[in-house]
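# From the sequence below, what's the structure:
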Amino acid sequence: MRIVLLGAPGSGKGTQAKLISGNYRVPHISTGEILRAAVAEKSMLGKKIAGVLKAGDLVSDDIVIDAVVEKLRRPESRRGFVLDGFPRNIPQAQELDTRLGWVTRPLQLALHLSIDQSLLLKRITGRLVCEDCGAVYNKHFFRTKKRGICDECDSRNLGQRSDDNEEAVRRRLEAYFNETEPLIAYYRAQHKLRTVPADTKKTEIFHFLCEVVDLEIRPLEKKVVPNEPRRIIQDKTVPTVGGRNTKTSEGTVRKRTSPESTKKSKKKATQKKTSRAQVAKKKATQKKSKKKATQK
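Below you'll find the predicted structure:
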């Protein structure tokens, strides 16, 4: 599967990308993480990115695309990927389409997380981040269990990001709607766009996204079962896909047998019957002999 997630800041792209990645066992490719990883690896590309960032400049489209394509060339991306935060504009999308033809196959789906702007503002401006472990909370929707204390590491260092104030958020949203929103029309024209409402719980959004993926992509590819479904039968966990066990009418578990093993079982049963008959015949002969000896 080859998917790109579209959505405004605060729509939950990163969260959903991670969930999809884990469920379908494909890498989550976030441009921010790719750039940071490239710098940490000190590769040729990483050194180029580090130089740009050190100068305080924005990383150019060409460098970002090079970083993404380098990630897509790796073995772990052969089964597919989930792109998050890229492409950001139509020129990037067009260049990505061209490059994908060189390294893999074209994108299959563009999943758009649709959400009202007023809710976005509330989500972002209410966001709290633990400065020690990076856990994210929200003072409106997802509070910590103990006020002011991180659930993950018990730290009291919870605060807002400097760019999560209302004025900065409005600027980011304006930039998104001016630059990135046109991508919706771009992917719609390619018949790849699917829109999912993102104004509900993250588990419900994830369920909707999986339904779309299963409906649109899975039938076209070799079916991969990410997490083997299981059912419980009389306190025994039995695989329902690719397993060797089956359920009898009484609800017990019995092993499936191959034709060869069935033949062997029948042969053994026949041999047992024959040996029993021979033993019985021998005993009967011995009885007759004893009887004759007594009569004499």
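
# does residue 122 really touch residue 140, like I thought?
Yes - Residue 122 is within contact range of residue 140, at 5.6 Å (criterion: CB atoms under 8 Å). Any C-beta I mention is one placed from the backbone N, CA and C, and that applies to glycine too.

# between the two, who's got more neighbours?
Applying other CB atoms under 10 Å to residue 122 and residue 140 shows that residue 122 carries more neighbours, namely 17 against 12.

# which residues sit in contact with the more buried one?
Contacts for residue 122 were tallied using CB atoms under 8 Å, 6 or more residues apart in numbering; they are 140-141.

# Could you say which helix or strand holds it?
Element membership for residue 122, per DSSP states H and E: helix 117-125.

# Neighbouring strands - and their directions - for the next helix or strand after that helix?
Sequence-wise, the next helix or strand downstream of helix 117-125 (DSSP H and E) is strand 127-130. Applying DSSP bridges to the sheet, strand 127-130 is found paired with strand 136-138 (antiparallel), strand 158-159 (antiparallel).

# Average pLDDT for the first one, rounded please.
Per-residue pLDDT over strand 136-138 has a mean of 83.

# Could you do stretch 27-34 as well?
Rounded mean pLDDT across stretch 27-34 is 85.

# Go ahead and measure how far it is from the middle of the chain.
14 Å (CA atoms, centre = their mean, to the nearest Å).

# likewise stretch 170-190?
With CA atoms, centre = their mean, you get 26 Å for stretch 170-190.

# could we number from 396 for the rest of this?
I'll keep to 396 as the first residue from here, and by that count the last item is stretch 565-585.

# From the rest of the structure, what touches it?
Contact with stretch 565-585 is made by 399, 401, 403-404, 482-485, 488, 502, 505, 507, 512, 515-516, 558, 588, as judged by CB under 8 Å, 6+ apart.

# For stretch 433-451, buried residues please.
433-434, 440-441, 443-444, 447 (16 or more other CB atoms under 10 Å).

# Could you give me the buried positions within the helix holding residue 517?
Applying 16+ other CB under 10 Å to helix 512-520 flags 515, 517-520 as buried.

# Can you list the residue ranges for strands in this structure?
397-402, 423-425, 476-479, 504-509, 522-525, 531-533, 553-554, 588-592, 625-628, 631-634, 640-642, 648-650 (DSSP state E).

# how about those in a markdown table, adding distance to residue 462 and mean neighbour count?
Shown next, in a markdown table, are the strands of the chain (distance: least, CB to CB, whole Å; neighbours: other CB atoms under 10 Å):
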| stretch | distance to residue 462 | mean neighbour count |
| --- | --- | --- |
| strand 397-402 | 16 | 24 |
| strand 423-425 | 10 | 21 |
| strand 476-479 | 12 | 24 |
| strand 504-509 | 20 | 21 |
| strand 522-525 | 25 | 19 |
| strand 531-533 | 25 | 16 |
| strand 553-554 | 30 | 15 |
| strand 588-592 | 25 | 17 |
| strand 625-628 | 40 | 11 |
| strand 631-634 | 40 | 12 |
| strand 640-642 | 47 | 14 |
| strand 648-650 | 51 | 10 |
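
# Fine by me, we can end here.
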